[in-house]
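1. Structure of the sequence below:
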Amino acid sequence: MIQGTGSGVGKSTLLAGLARAFTRRGLKVLPFKPQNMSNNAAVTADGGEIGRAQALQALACGVQPEVDMNPVLLKPQGETGAQLVVHGHVLETVEARQYQSRKDRLMPEVLKSFWKLAAQADLVLVEGAGSASEVNLRMTDIANMGFAQAVQAPVVLVGDIDRGGVIASLVGTQVVIAPEDAALIKGFIVNKMRGDTSLFYDGMEVICGHTGWAALGLVPDLPAVRYLPAEDASDLNTDQSREDIYTEEGDGEGYTVPRLRVVVPLLPLIANFDDLDPLRAEPAVDLIMVRPGTRLPECDLVILPGSKGSLSDLMVFRSEGWEHDLQDHLARGGHVMGICGGYQMLGHHIADPKGVEGDVETVAGLGLLDVETVLTESKHLVEKKGIVSGMQASVSGYEMHLGETDGAGCRRPLLELDGQPEGAVSASGQVYGTYLHGIFGGRDGRMALLSRAGGADFTPGGFWYEQEDGFQKIAHHDMIVEDALNSLADHLEHFIDLDALLDLASYPVTALQNRNFS
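-> Numbers count the residues shown, from 1 in each chain. Next up is the predicted model:
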């Protein structure tokens with residue numbers, strides 16, 4: 001089990017890299033996270049949902065994602081409440097204090113999923129949540145030491161040296177947790193080292209000396225991991241511009257082309273923001289994330305992304321003055337695209353008669369699409385594929401939403417999915433929306449959609465860009481993710497003692513002796 005000294009230390013990414021590395025060794029590896037809290041989710045083949053990080057880890061293992069890989073998922077809907085998803089389906093909406101009292105009923109569900117996976121695998125890699133030292137939550141814990149004790153999983157603790165204080169955070173964890181929990185921690189990894197790793201060899205020895213744990217790895221920062229889907233909105237950076245070189249197909253002479261500027265307002269309940277990853281990696285696109293307190297800058301395309309609370313985020317959008325910025329943007333000839341919750345916001349109204357998102361029954365939309373939305377209690381979860389209407393460029397992805405959207409605008413569909421019209425386009429052609437997440441994954445569909453805002457330069461086929469091995473074209477964003485996973489696995493093979501990790505995973509647990517790290 002991989003636990004961390006805090007959130008954001010790299011547990012999810014390390015586990016994905018380890019999963020790929022051990023899978024390449026011929027082992028049947030499966031990922032597992034007892035409890036996740038994230039609005040970045042993925043749809044499983046059987047119509048459930050799990051955290052996006054576990055779907056990525058399943059990909060690293062070469063298997064399809066299953067709801068058992070993340071049996072409990074919390075999807076925040078505000079500062080104190082969250083949607084509770086159990087075995088892939090919404091159970092209820094709970095307040096934080098209410099959730100603590102439900103954990104004793106959730107542990108059997110968590111264990112059921114774990115043992116089901118364990119029966120199918122040579123190795124199960126378990127990811128903890130948040131910090132292992134949250135002793136105030138230990139009594140009802142199902143995500144960290146509570147789970148580790150239940151299955152007697154050996155624990156490897158991860159600390160992040162980039163944020164500072166890694167010695168204190170690792171040693172301090174042993175100090176504050178119960179002795180029986182500390183006994184389960186067999187080793188540690190220091191992650192995100194920048195610069196000369198030899199400068200921290202003495203630090204590794206200090207941690208070994210204070211804790212008695214085995215030093216299993218000092219892992220340098222790896223730029224390639226930025227191409228992997230982020231789990232938390234806090235991981236999104238404000239500046240995502242790139243400096244690639246463009247060339248025409250067949251010629252090796254680089255020349256500058258106009259980039260497409262794409263702006264995304266970062267709303268508090270942004271969800272499924274990995275939809276944006278293919279744009280971030282696309283050489284012809286400058287992706288600009290705009291945080292609250294900042295005006296929407298001039299650009300070609302504004303994307304309103306998915307949201308866990310369309311009504312709430314719409315009100316925030318207005319309070320930031322972004323509605324006026326959007327009108328100015330359209331007056332300049334710019335384009336606007338909404339995905340899922342963003343699509344709902346673009347219509348005339350969003351009605352919530354069942355109180356799915358709270359007490360407000362109806363909110364006026366931005367009025368840029370001739371559609372209206374009624375939120376429903378049942379969630380629509382399904383994978384789909386099709387084409388961009390009128391362009392024959394293929395798209396694929398999944399729908400994950402509460403609500404139905406209809407109106408005259410739907411008679412001008414953006415897509416045709418499984419033979420049916422989907423989404424809407426304004427009469428001017430400048431505004432369009434869809435429920436399809438993952439819509440930018442395939443390059444033909446991506447370039448076709450970008451061509452609406454950028455013109456002929458962004459037709460399917462697009463530009464080539466220079467890499468070390470020559471001129472290549474991004475056919476599908478999944479290829480970039482695959483390359484990043486393999487690079488990460490290579491990286492961890494070099495900087496983590498994988499044999500020692502496998503030794504830990506065997507039963508009975510073999511004691512590791514401290515060794516001179518250098």
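
2. does the closest residue to residue 120 other than its chain neighbours have beta-bridge partners, and which?
-> Taking CB to CB, 6 or more residues apart in numbering, and ignoring the residues beside it in sequence, residue 120 has residue 30 as its nearest neighbour in space, at 6.6 Å. Just so you know, the C-beta spots here come from the backbone N, C-alpha and C atoms, and that holds for glycine as well. With beta bridges defined as DSSP bridges, residue 30 has these partners: residue 124.

3. From residue 1, how far out is residue 30?
-> To residue 1, residue 30 is 13 Å away according to CB to CB, to the nearest Å.

4. any idea of the mean pLDDT in the longest helix along the chain?
-> The helix of greatest length in the chain, counted in residues with DSSP state H as the criterion, is given as helix 96-118. Mean pLDDT, taken over the full extent of helix 96-118, equals 90.

5. Tell me which residues of it come out buried.
-> If you call a residue buried by 16 or more other CB atoms under 10 Å, then helix 96-118 has these buried ones: 99, 102, 103, 106, 107, 109, 110, 111, 113, 114, 117.

6. do stretch 307-318 as well
-> So, applying 16+ other CB under 10 Å, buried residues of stretch 307-318: 307, 308, 309, 310, 311, 312, 313, 314, 316, 317.

7. Equivalent analysis for stretch 486-494, please.
-> Buried residues in stretch 486-494, counting neighbours by 16+ other CB under 10 Å, are found at 486, 487, 488, 489, 490, 491, 492.

8. Turn the residues you listed into JSON lines, columns for pLDDT and secondary structure.
-> Output for these, formatted as JSON lines (pLDDT from 0 to 100; DSSP: H, G, I helix; E, B strand; the rest coil):
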{"residue": "486", "pLDDT": "96", "secondary structure": "helix"}
{"residue": "487", "pLDDT": "96", "secondary structure": "helix"}
{"residue": "488", "pLDDT": "97", "secondary structure": "helix"}
{"residue": "489", "pLDDT": "97", "secondary structure": "helix"}
{"residue": "490", "pLDDT": "97", "secondary structure": "helix"}
{"residue": "491", "pLDDT": "97", "secondary structure": "helix"}
{"residue": "492", "pLDDT": "98", "secondary structure": "helix"}
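
9. Check those against residue 358 and report the nearest one.
-> Comparing those against residue 358 with CB to CB picks out residue 488 as the nearest, at 40.2 Å.

10. How about the contacts made by the closest one?
-> 13, 16, 17, 20, 222, 224, 225, 228 (CB atoms under 8 Å, 6 or more residues apart in numbering).

11. Report the buried members of those residues.
-> Among those, those that count as buried by neighbour count (16+ other CB under 10 Å) are 13, 16, 17, 20, 222, 225, 228.

12. In strands, which of those appear?
-> Using DSSP state E, no member of the buried ones among the contacts of residue 488 sits in strands.

13. Export the residues you listed as CSV, with columns for distance to residue 171 and pLDDT.
-> As requested, the buried ones among the contacts of residue 488 are arranged in CSV below (distance: CB to CB, whole Å; pLDDT from 0 to 100):
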residue, distance to residue 171, pLDDT
13, 23, 96
16, 27, 97
17, 25, 98
20, 31, 98
222, 26, 94
225, 26, 90
228, 30, 88
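
14. closest to residue 89 among those?
-> The closest of the buried ones among the contacts of residue 488 to residue 89 turns out to be residue 16 (CB to CB; 24.9 Å).

15. Return the residues in contact with that closest one.
-> When contacts are counted by CB under 8 Å, 6+ apart, residue 16 touches 31, 53, 56, 57, 60, 228, 485, 488.

16. how much space between it and residue 161?
-> Residue 16 is 20 Å from residue 161, by CB to CB.

17. so what's residue 314 closest to, chain neighbours aside?
-> residue 345 (4.8 Å).

18. ok, that neighbour - contacts?
-> Listed by CB under 8 Å, 6+ apart, the contact partners of residue 345 are 304, 307, 310, 313, 314, 317, 338, 365, 366.

19. try it again with 7 Å
-> Shown in contact with residue 345 (CB atoms under 7 Å, 6 or more residues apart in numbering): 304, 310, 314, 317, 338, 365, 366.

20. got the phi/psi numbers for the fourth one?
-> Note on residue 317: its backbone torsions stand at phi -50, psi -40 [degrees, to the nearest 10].

21. mind checking how far it is from residue 485?
-> Using CB to CB, we find residue 317 at a distance of 35 Å from residue 485.

22. Could you do the last one as well?
-> From residue 366 over to residue 485 the distance is 38 Å, taken as CB to CB.

23. The stretch 351-500 of the chain: strands as residue ranges?
-> Secondary structure of the stretch 351-500 of the chain (DSSP state E, counting those that start in this stretch): strands located at 362-364, 372-388, 394-406, 415-417, 420-422, 424-425, 431-434, 464-467, 470-472.

24. pLDDT on the third one, on average?
-> Strand 394-406 shows a mean pLDDT of 91.

25. Repeat that for the second one.
-> The average pLDDT within strand 372-388 is 89.

26. Return the list of strands paired to it, each annotated with direction.
-> strand 349-351 (parallel), strand 394-406 (antiparallel), strand 415-417 (antiparallel).

27. Let me have these in JSON lines, extended by mean neighbour count and distance to residue 184.
-> As requested, the strands paired with strand 372-388 are arranged in JSON lines below (neighbours: other CB atoms under 10 Å; distance: least, CB to CB, whole Å):
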{"stretch": "strand 349-351", "mean neighbour count": "18", "distance to residue 184": "47"}
{"stretch": "strand 394-406", "mean neighbour count": "20", "distance to residue 184": "36"}
{"stretch": "strand 415-417", "mean neighbour count": "22", "distance to residue 184": "47"}
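
28. any chance of these in a markdown table, with distance to residue 424 too?
-> As requested, the strands paired with strand 372-388 are arranged in a markdown table below (distance: least, CB to CB, whole Å):
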| stretch | distance to residue 424 |
| --- | --- |
| strand 349-351 | 14 |
| strand 394-406 | 8 |
| strand 415-417 | 10 |
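
29. of all the ones you listed, which lies closest to residue 499?
-> Among the strands paired with strand 372-388, the nearest to residue 499 by CB to CB is strand 394-406 (38.2 Å).

30. got the CA coordinates for the closest one in PDB?
-> The C-alpha atoms that make up strand 394-406 are tabulated as PDB, following Å, rounded to 0.1, in the frame of the first residue of the first chain:
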ATOM      1  CA  SER A 394     -14.500  10.700 -35.600                       C
ATOM      2  CA  VAL A 395     -14.900  11.300 -31.900                       C
ATOM      3  CA  SER A 396     -15.400   9.100 -28.900                       C
ATOM      4  CA  GLY A 397     -15.700   9.400 -25.100                       C
ATOM      5  CA  TYR A 398     -18.400   9.100 -22.400                       C
ATOM      6  CA  GLU A 399     -21.300  10.900 -21.000                       C
ATOM      7  CA  MET A 400     -21.600  11.400 -17.200                       C
ATOM      8  CA  HIS A 401     -24.300  13.900 -16.200                       C
ATOM      9  CA  LEU A 402     -27.400  14.600 -14.200                       C
ATOM     10  CA  GLY A 403     -30.000  16.200 -16.400                       C
ATOM     11  CA  GLU A 404     -31.600  16.400 -19.800                       C
ATOM     12  CA  THR A 405     -31.000  19.200 -22.300                       C
ATOM     13  CA  ASP A 406     -33.400  20.000 -25.100                       C
END
